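>>> Curious how this folds, go ahead:
(one chain, ligands or ions: 1)
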Amino acid sequence: MKIALTNTLTRRKEPFVPADPARVTMYVCGSTVYNHPHIGNARPAVVFDLLFRLLRHAYGETAVLYASNYTDIDDKIIKAAAAEGVAIDVITNKFTRIYREDMSALGVLTPTFEPRATQHVDGMIALIQKLIDEGAAYVVPSGVYFSVAADADYGKLSGRSQDELQAGARVEGEDDKRHPSDFALWKATKPGEPSWDAPFGVGRPGWHIECSAMIAAQLGQTIDIHGGGLDLIFPHHENEIAQSESAHHHPLSRVWMHNGMLTMDREKMSKSIGNIVTVRELMNDGWQGEAIRWALLSAHYRAPLDWSEDLLKQAQASLDRLYGALLRLKDVKADDAAAPEAFLAALADDLNTPAAIAALSVLVTNANNAKKPAEQAKAKGELLAAARLFGVLAQDPERWFRASFGEEAAREIDALVAERVAARQAKDYAKSDALRDALAARGVEVMDSAAGSTWRRRG
Ligand SMILES: [Zn+2]
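Below you'll find the model as predicted:
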């Protein structure tokens, strides 16, 4: 299988060639665990989960090593812990668990490695010391800073010139750094903050150094793919490159991939604007994880995605169609088929999910049109193989439709369907027709077969 990926570093779509096909490495910047993940946080998790699945399909399940971190030491975490009067790990343990639960609900596989920053502080200290020894970093009273002037390559990912960088933002408490673009590797300790001993003073790590240290510890000094949201290109990823490459003297990652931003009414989702929707709120409103996943994958990952209730309704309708086909073929044993070429080719082409969704739709049509048992078994097998690579159709179809109506409504529907079966057995066709109409009014279609009657949402 030939995979092509758009590389932010070269600004081109390129054939993907891992250094070692038996050990494919990918890192994606993870979550800062101090509150509920919102739907914008979920987008990179779902997008890179799909890439993880595709790489496993192409290179083998055990050949792909995927690391995504938890940032569990940070200003926002310290603030949240202080506000509740608890230790920071009370906050970070709680929200790490919630993050994992929410992502599992969206079909996100557990990455091979999920390093937590506080477990890698020794590696960060060693990396910072190396940068000081190499003359790429310097120590001042407020902490240790990376010297942007010492790095001729600085700005290559974001394409920012040294002149643009001169206008770097002033950060409070960093008055003693030498250049406005220099960034903190280590922050000198402040009263009440968690801190670690280091040869260059007691303190805590900056954000950027966490990823550089965790990548080196879990995957190696050069990896195949580094991913994250578009908003991380500058300064976070630029700084990761500066740190890792100044210390190790070879490329941090061959391919850099960035997903587009998720917006709400065309505005970026952010706490300051107050337009945040969390994954948990959507699930509490009755949306199923697969519908949220489908909505997140409905646009190409590099494009912006404007979130709305309509987007979710469309995702629900698309999945209803897939589950409806499975329900119709409930009694057919699926072939052990491979995902068809058109579907795989769409994903392999820079994760073209709109084209992959179109290919899935063709597979549903095939499944619905198949008449002979052998055709049905093949069509069902192909649909399941493709859908499972996409991370959907993990549920029993009857459960899917029940959950999409809610359990109370599903029980009422069950009762009406049973009443209709009884009416048919009693040859009371007027009553049976009236019940069918009543069910149709609720948006339910009854499907009768030799094995009994099942129901689904009307398409
Ligand atoms: Zn990172």
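
>>> ok, the residue of the stretch 101-250 of the chain found nearest the ion - contacts?
Using CB to the ion, the single residue of the stretch 101-250 of the chain nearest to the ion is residue 211, 3.1 Å away. For every residue, glycine as well, the C-beta is placed using N, CA and C. The contact partners of residue 211, by CB atoms under 8 Å, 6 or more residues apart in numbering, come to 27, 29, 69, 236, 240.

>>> And for residue 29?
44, 68, 69, 211, 227, 228, 229, 232, 236, 237.

>>> please redo it, this time with the cut-off set to 10 Å
44, 48, 68-69, 71, 207-208, 210-211, 214-215, 226-229, 232, 236-237, 240 (CB atoms under 10 Å, 6 or more residues apart in numbering).

>>> ditto for residue 270
38, 40, 231, 264, 276.

>>> buried subset of the contacts of residue 29?
Among the contacts of residue 29, those classed as buried by 16 or more other CB atoms under 10 Å are 44, 48, 68-69, 71, 207-208, 210-211, 214-215, 226-229, 232, 236-237, 240.

>>> Which of the residues you listed fall in helices?
44, 48, 207, 208, 210, 211, 214, 215, 240 (DSSP state H).

>>> Could you check how many residues crowd around the residue nearest to the fourth one when sequence neighbours are not counted?
Yep, that's residue 208 we're talking about. Leaving aside its chain neighbours, residue 208 sits nearest to residue 239 (3.9 Å; criterion: CB to CB, 6 or more residues apart in numbering). The tally of other residues near residue 239 (other CB atoms under 10 Å) stands at 26.

>>> pretty sure residue 239 is touching residue 160, no?
No - counting by CB atoms under 10 Å, residue 239 stays clear of residue 160, with 11.9 Å between them.

>>> list the residues that contact both of the two?
By CB under 10 Å, 6+ apart, the residues touching both residue 239 and residue 160 are 154, 181.

>>> I'd like the average pLDDT over stretch 87-98.
For stretch 87-98, mean pLDDT is 96.

>>> now swap in stretch 265-275 and tell me
Averaged across stretch 265-275, the pLDDT comes to 81.

>>> Likewise for stretch 120-133?
For stretch 120-133, the per-residue pLDDT averages 98.

>>> That one vs the ion: in contact?
No - between stretch 120-133 and the ion, judged by CB under 5 Å from the ion, nothing touches; the nearest distance is 12.3 Å.

>>> and that stretch, C-alpha only, in CSV?
What follows is stretch 120-133, C-alpha atoms only, in CSV (Å, rounded to 0.1, in the frame of the first residue of the first chain):
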residue,chain,number,x,y,z
HIS,A,120,10.1,12.3,32.4
VAL,A,121,11.5,15.2,34.3
ASP,A,122,15.0,13.5,34.5
GLY,A,123,15.1,13.2,30.8
MET,A,124,14.1,16.9,30.4
ILE,A,125,16.9,17.9,32.9
ALA,A,126,19.5,15.9,30.9
LEU,A,127,18.3,17.5,27.6
ILE,A,128,18.4,21.0,29.0
GLN,A,129,21.9,20.4,30.4
LYS,A,130,23.0,19.2,27.0
LEU,A,131,21.7,22.3,25.4
ILE,A,132,23.5,24.5,28.0
ASP,A,133,26.7,22.5,27.3
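
>>> Check which element follows the helix or strand bottoming out on mean pLDDT in the chain along the chain.
The weakest-scoring helix or strand in the chain, judged by mean pLDDT, DSSP states H and E, is helix 162-166 (a mean of 66). Per DSSP states H and E, the first helix or strand lying C-terminal to helix 162-166 is strand 183-188.

>>> ok, that following strand: who's next to it in the sheet?
strand 143-146 (antiparallel), strand 203-205 (antiparallel) (DSSP bridges).

>>> Distance to residue 457 for those - can I get that in CSV?
Compiled in CSV, these are given as follows (distance: least, CB to CB, whole Å):
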stretch, distance to residue 457
strand 143-146, 55
strand 203-205, 50
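
>>> Run through the strands of the stretch 51-200 of the chain in chain order.
64-71, 137-140, 143-146, 183-188 (DSSP state E, counting those that start in this stretch).

>>> Residues of the chain that sit close to the ion?
So far as CB under 5 Å from the ion goes, the chain lies against the ion at 29, 211.

>>> so where's the chain shaky on pLDDT?
For the chain, the stretches with pLDDT under 70 are 162-170, 459.

>>> Break it into its domains for me.
4-259, 264-398, 406-457 (automatic domain parsing).

>>> What residues sit buried inside stretch 144-157?
144, 145, 146, 147, 148, 150, 151, 154, 155, 157.

>>> I meant to write stretch 14-23 there.
Result for stretch 14-23 [16+ other CB under 10 Å]: buried residues 16, 18.

>>> what's the span of it from first residue to last?
20 Å (CA to CA, to the nearest Å).

>>> For the residue of the stretch 51-200 of the chain found nearest the ion, which non-adjacent residue is closest in space?
Residue nearest to the ion within the stretch 51-200 of the chain (CB to the ion): residue 69, separated by 7.0 Å. Ranked by CB to CB, 6+ apart and with sequence neighbours excluded, the top spatial neighbour of residue 69 is residue 30, at 4.4 Å.

>>> In this structure the one you found contacts residue 42, no?
No - look at residue 30 against residue 42 with CB under 10 Å: they stay out of range, at 11.9 Å.

>>> Common neighbours of the two, please.
Both residue 30 and residue 42 are contacted by 99, 103, under the criterion CB under 10 Å, 6+ apart.

>>> Spatially, what comes nearest to residue 70 if we skip its sequence neighbours?
residue 116 (4.7 Å).

>>> ok so, going back, from the buried residues of stretch 144-157, pick the one nearest residue 177.
Distances from residue 177 to these, taken as CB to CB, are shortest for residue 145 (4.8 Å).

>>> Now do the contacts for that closest one.
131, 137-139, 174, 176-179, 181-186, 206.

>>> mind running it again at 6 Å?
177, 182, 184 (CB atoms under 6 Å, 6 or more residues apart in numbering).

>>> tell me which element the closest residue to the ion within the stretch 1-150 of the chain falls in.
Nearest to the ion, among the residues of the stretch 1-150 of the chain, is residue 29, at 3.3 Å (CB to the ion). Using DSSP H and E, residue 29 sits within strand 24-32.

>>> now that strand against strand 64-71, angle please.
For strand 24-32 against strand 64-71, the angle by axes from the mean of the first three to the mean of the last three CA atoms, to 10 degrees is 20 degrees.
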